[in-house]
Structure formats: structure tokens, C-alpha cells
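# Can you look at this prediction? I've put the sequence above it.
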Amino acid sequence: QVQLVESGGGSVQAGDSLRLSCAASGRTFSSFFMGWFRQAPGKEREFVSGMSWTSWTGGRTYYADSVQGRFTISRDNAKNTVYLQMNSLKPEDTAVYYCAQRQFYSRDPDEYNYWGQGTQVTVSS
């Protein structure tokens with residue numbers, strides 16, 4: 001059974017940075033696409049970033065327009081962990097952040113079967 005455990009959330013001021021981590025277990029981590037999503041109160045869950053991996057091309061990254069240039073996704077396949085470095089945080093980044101796993105790239109949360117429990121990120125102005 002796949003298990004995903006996020007960590008690294010917290011409360012920060014606008015302009016600050018946070019790094020989220022998601023540790024995966026249960027199947028070969030490097031074979032799967034890892035995504036980060038977020039859900040703010042009263043809003044739908046939305047795609048934030050994702051990263052694929054192949055041994056011959058390395059990683060390919062994807063970002064929502066709202067975080068492009070501020071957030072950076074990376075993964076350490078040896079540690080079965082994916083990271084989300086969040087810089088220049090804004091109040092509108094406030095949400096519960098989830099990592100998720102599936103076979104291939106998708107921005108649709110309904111296409112993911114495996115989810116972490118989420119970690120809260122709160123950005124105050």
C-alpha cells in the first residue's frame with residue numbers, strides 16, 4: 001500500500017519561504033509522477049506542481065501559473081522524497097498542501113489514487 005507523508009508546513013509572513021517534503025513508501029518511487037496540490041477553505045483542490053522521472057531524461061517539472069517562478073519542485077529518488085520549495089509566499093498561497101502520486105502526469109486531482117494527509121501553510125500579510 002502506498003503511503004505519502006507530508007511535512008514542513010507552518011505559519012509565515014508574506015515574502016517568507018517554506019520547504020515542504022513528502023516521503024513516499026509502498027512501491028518504487030522513481031517510477032511514478034509526484035504532484036503537489038493545495039486546497040484553500042471553500043475552494044476546490046488545485047494543482048500546484050508536479051515532477052516526473054525517467055532514468056534516461058531525468059526529471060520534468062510542471063507548475064501552475066500562480067506559482068511559476070516562486071515555487072520549485074524537486075525529488076530525491078534515493079530517499080523516496082519529493083520537495084516543494086516555496087519562496088516569496090503570498091497570503092493567497094494559504095491552503096492545505098497535499099502530495100499525490102500516479103503513474104503519469106496529470107493536473108486533475110480526480111485522477112490520483114494516492115494522497116498524503118496534507119500539511120497546513122498559512123501566510124499572513
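The structure has been received and is ready for your questions.
# only C-alpha atoms for contact and neighbour calcs from this point on.
Fine.
# Tell me the bridge partners for the residue nearest to the spatial centre of the chain.
Geometric centre of the chain, nearest residue: Trp36, 2.4 Å, by CA atoms, centre = their mean. For Trp36, the beta-bridge partners are Ser49, Cys99 (DSSP bridges).
# who's in contact with it?
47-50, 84, 97-100 (CA atoms under 8 Å, 6 or more residues apart in numbering).
# Which parts of this protein are helices?
Using DSSP state H, the helices of the chain do not appear at all; there are none.
# hang on, the earlier thing: I'd like the contacts of Trp36 laid out as TSV, including pLDDT, neighbour count and distance to Arg27.
Shown next, in TSV, are the contacts of Trp36 (pLDDT from 0 to 100; neighbours: other CA atoms under 10 Å; distance: CA to CA, whole Å):
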residue	pLDDT	neighbour count	distance to Arg27
Phe47	98	22	23
Val48	98	24	23
Ser49	98	24	21
Gly50	97	29	18
Leu84	98	23	21
Tyr97	98	27	22
Tyr98	98	27	19
Cys99	97	30	15
Ala100	97	25	13
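# Of the residues you listed, which is the nearest to Thr28?
Closest approach between these and Thr28, by CA to CA: Ala100, at 14.3 Å.
# Right, I'll leave it there.
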